[in-house]
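Visitor: all I have is the shape, not the residue letters:
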């Protein structure tokens, strides 16, 4: 089962955006579960300037074959010019939990 599932990280500017994206992805079956972590402080360089912002981090649990659909769904809803969308493959995990991710996700984004 290794690496059929992944975690996608996405930062959002506020709770409303984070919740909207999370609910949309879960409702459409593109993610089994999404954690919204508040109070993330991001320090980054943008257009030659060092920026520091408070953001919300989405930890999206999904299948690897759903990545393209998740990416497109985030891009349609996200207010950032260049949103962070980073996928990390899961090398290991509780087999029953990984199976649960598989059972609750689909690559098409059409609810079952």
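Guide: On my side now, so go ahead. Because the structure is a prediction, the values reported are computed rather than measured.
Visitor: what does the longest helix seen in the chain contact?
Guide: Using DSSP state H to define each element, the chain has its longest helix at helix 15-27. Under the contact criterion C-beta atoms under 8 Å, 6 or more residues apart in numbering, helix 15-27 has outside partners 10, 12, 31-34, 36, 38, 56, 58, 60, 62, 70, 73-74, 77-79, 111. Glycine gets a C-beta too; all of them are placed from N, C-alpha and C.
Visitor: show me what counts as buried in it.
Guide: Buried residues in helix 15-27, defined by neighbour count with 16 or more other C-beta atoms under 10 Å: 17, 18, 21, 22, 24, 25, 26.
Visitor: tell me the centre residue of this protein?
Guide: The structure's the chain has its C-alpha centroid closest to residue 60; by C-alpha atoms, centre = their mean the separation is 3.7 Å.
Visitor: so where is this structure shaky, pLDDT-wise?
Guide: Counting by pLDDT under 70, the low-confidence segments of the chain come to 1-2, 109-112.
Visitor: filter the contacts of helix 15-27 down to the ones in helices?
Guide: Short answer: those in helices (DSSP H) are 70, 73, 74, 77.
Visitor: got the residues you listed as TSV, with neighbour count and distance to residue 95 columns?
Guide: Supplementary listing: the ones in helices among the contacts of helix 15-27 in TSV, determined by neighbours: other C-beta atoms under 10 Å; distance: C-beta to C-beta, whole Å:
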residue	neighbour count	distance to residue 95
70	25	23
73	18	28
74	22	28
77	14	32
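Visitor: who's residue 33 bridged to?
Guide: Following DSSP bridges, residue 33 is listed with bridge partners residue 61.
Visitor: which residue lies farthest from the center of the chain?
Guide: Most distant from the centre of the chain: residue 48, at 26.9 Å, with distances by C-alpha atoms, centre = their mean.
Visitor: roughly how far does that one sit from residue 42?
Guide: 17 Å (C-beta to C-beta, to the nearest Å).
Visitor: wasn't residue 42 part of a strand?
Guide: Yes - Residue 42: assigned to a strand according to DSSP: H, G, I helix; E, B strand; the rest coil.
Visitor: appreciated, that's everything.
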